[in-house]
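**Q** Mind folding the following:
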Amino acid sequence: MHDKVDTAKLEKRRDIRIEYGVPLRSLRLGLIGKADVVEFHREVNSWHPFPVEYKRGKPKGDNCDKVQLCAQAMCLEEMLNCTITKGALFYGTTRRREDIVFDVALRTETEETAKKVHEIITSGITPKPEYSKKCKSCSLLELCMPKVCSTKGKASKYLYGFINQSDSLPDPALEK
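**A** Numbering: from 1, shown residues only. From the prediction side, this is the model:
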């Protein structure tokens, strides 16, 4: 689904210019990233950015996708010195595009999320993963390994048993 998005090319369609793989940054929020698509809509004599984020699945019960899209809009606002009132999420499962309004509540949640991310990074402590059904479709599943890491004490019990077992084994150097 991201084949076209990852090309970093440009398309034009009447009064819409479409840019793919647009690099983003916000010094205020301390964020960098890449927008899947930014459509620039011509209105009178200017172009207005409209971010579009592509998702493989379907709309989620929480605001995580909306926060990601809003963060992209806030980066674009800072970079282009403009105001962006809405964007869109395109879901591959439903093949539907959902317009998202960047209201005060969503902007506040986005800023709070950025702050929380920086607090986690500053603390130097990686939160333990919690396995859920959404993990099955996550691209980081093999790196995160939530089933292994989220089981309390499983790794430490294994290591403790291994160490204690090896203490009771005969020393090969003494057998000669």
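
**Q** going forward, measure contacts between C-alpha atoms and count neighbours the same way
**A** Fine.

**Q** Low-confidence ranges, this structure, go.
**A** Counting by pLDDT under 70, the chain contains low-confidence residues at 1-8, 149-162, 164-176.

**Q** Can you dump the C-alpha atoms of the lengthiest strand in it in PDB for me?
**A** Scanning the chain for the strand with the most residues, using DSSP state E, yields strand 31-43. What follows is strand 31-43, C-alpha atoms only, in PDB (Å, rounded to 0.1, in the frame of the first residue of the first chain):
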ATOM      1  CA  LEU A  31       9.400  15.700  16.300                       C
ATOM      2  CA  ILE A  32      10.800  14.600  12.900                       C
ATOM      3  CA  GLY A  33       9.200  12.200  10.500                       C
ATOM      4  CA  LYS A  34       7.800  11.700   7.000                       C
ATOM      5  CA  ALA A  35       4.300  12.300   5.700                       C
ATOM      6  CA  ASP A  36       2.900   9.600   3.400                       C
ATOM      7  CA  VAL A  37       1.200  12.200   1.300                       C
ATOM      8  CA  VAL A  38       0.600  15.900   1.400                       C
ATOM      9  CA  GLU A  39      -1.900  17.300  -1.000                       C
ATOM     10  CA  PHE A  40      -1.600  21.000  -1.800                       C
ATOM     11  CA  HIS A  41      -5.100  22.400  -2.700                       C
ATOM     12  CA  ARG A  42      -5.100  25.600  -4.800                       C
ATOM     13  CA  GLU A  43      -7.400  28.200  -3.400                       C
END
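
**Q** what about Pro49, neighbour count?
**A** Look at Pro49: counted by other CA atoms under 10 Å, it has 26 neighbours.
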